[in-house]
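Chemist: Give me a model of this one.
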Amino acid sequence: MYKIFLLMIAVGLPMSILGNVLHWPVVMMFIIFSLTIVALAGYMGRATESIAIHTGPRIGGLINATFGNAVELIIAFFALKAGLITVVLASLTGSVLGNLLLVMGLSFFVGGLKFKRQKFNVFDARHNSGLLVFAVLVAFVIPEVFAQEMGDRDTFTFSVGISVILILLYLAALFFKLVTHRGVYQSDHAEGSGHEDEVAEWGKGKAILILLLATLAVAYVSESLVHTFEEVGEAFGWSELFIGVIIVAIVGNAAEHASAIIMAYKNKMDIAVEIAVGSTLQIAMFVAPVLVLASIFFETQMPLVFTLPELIAMVTAVLLAIVISNDGETNWFEGATILAAYLIMGIGFFFL
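Modeler: Predicted coordinates for the structure are as follows:
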């Protein structure tokens, strides 16, 4: 698989540069850009797997989510700069749905096909449940409710205030998990079972270097990808909402998709769940607020106000993820249930 990714990168990056210079057809360039980003994300996932072996499942999962979301943040930043507010908000929605439903669902399903019963840290699951409720049900729904009685200027100012609070709470959550209460809440099974005996494919320095180089390459390709959205949407009959919720989210989160599924297949469920849920929390409590604050410096400001279908979809995804994951164990059927929810929502957004 990684040889294929390497070939895609070796071909895709030069073609991305040539296509930009020679102005190749937009739809063809959209496909080239997307496949190149997916291949780069695959190598980011490979590097973070090595880092996870060196650092442990929590920090490894956090690093994977951070670099995976770096792709999402870069794409969203250039879309925000281009004034595509609908695409940016939709991509944030798609990230929440993609991580909680697609990534988690595929991880549970693929892992469950190999192991009849898989366990993960129930204390982390319950801790993350509270943060998910806060981040989506409180921080995303409340602005929509209050915006009904506010003007545009007040709504944006309110969104800036919420964004600052979200970032501070996210940093506090990291401090709680990684410093003050690290190792306090352990599950009955050994965290990262079999993890200690595994040898990392790459050294920590090499893995971090590859992550940084891949992220820089993704930044270049992502900026070009954003400029294809409008014409590609017209060519395929896709709305900006569908492009943001489904297309951008899948391309932008390819690193987490690959890594979480691989970890689940190896029965490293603590890392798989940390990637899926940790990435969702990072999107809701860090990436979205950063984009709101960044929009202050752009011509078009972005309030933290989503459409009703986006909000209902995110709230449903959070509730379903909490109900299924709160017992600290899973199987393939629960994965199939979560995937079914994602497919239903994807079809709905396609027809909007």
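
Chemist: how much space between the residue lying closest to A284 once chain neighbours are set aside and L166?
Modeler: Leaving aside its sequence neighbours, A284 sits nearest to A135 (CB to CB, 6 or more residues apart in numbering; 3.7 Å). For glycine as for every other residue, the C-beta is placed from the backbone atoms N, C-alpha and C. Distance check for A135 against L166: by CB to CB, to the nearest Å, it reads 7 Å.

Chemist: Next: P289.
Modeler: 5 Å.

Chemist: Ok, A52 next?
Modeler: Taking CB to CB, one finds A52 at 26 Å from L166.

Chemist: Any idea how many residues pack against the residue nearest to A284?
Modeler: For A135, the neighbour count with other CB atoms under 10 Å is 26.

Chemist: ok, now which ones touch it?
Modeler: 166, 280-281, 284-285 (CB atoms under 8 Å, 6 or more residues apart in numbering).

Chemist: just to revisit the earlier point, neighbour count for A52 and L166, which is higher?
Modeler: For A52 versus L166, neighbours defined as other CB under 10 Å are more numerous around A52 (29 against 23).

Chemist: Packing partners of whichever strand or helix holds that one?
Modeler: A52 belongs to helix 26-55 when assigned by DSSP states H and E. Contact partners of helix 26-55 among helices and strands, from 3 or more CB pairs under 8 Å, 6 or more residues apart in numbering; DSSP states H and E: helix 2-22, helix 57-81, helix 204-226, helix 229-236, helix 249-252, helix 254-265.

Chemist: Name the stretch among those that sits most buried.
Modeler: Across the helices and strands packed on helix 26-55, averaging neighbours per residue (mean count of other CB atoms under 10 Å) puts helix 254-265 on top, at a mean of 27.

Chemist: can you give me the offset of it from its chain's centre?
Modeler: 12 Å (CA atoms, centre = their mean, to the nearest Å).

Chemist: by how many degrees do that helix and helix 204-226 diverge?
Modeler: Orientation of helix 254-265 against helix 204-226 (axes from the mean of the first three to the mean of the last three CA atoms, to 10 degrees) gives an angle of 130 degrees.

Chemist: What residues of the following helix or strand past helix 254-265 count as buried?
Modeler: Next helix or strand after helix 254-265 toward the C-terminus (DSSP H and E): helix 269-282. Neighbour counts over helix 269-282 (16 or more other CB atoms under 10 Å) mark 269-282 as buried.

Chemist: now for the helix or strand encompassing V87, which elements pack on it?
Modeler: V87 belongs to helix 85-97 when elements are defined using DSSP H and E. Judged by 3+ CB pairs under 8 Å, 6+ apart, the packing partners of helix 85-97 are helix 57-81, helix 240-242, helix 249-252, helix 269-282, helix 288-294, helix 308-325.
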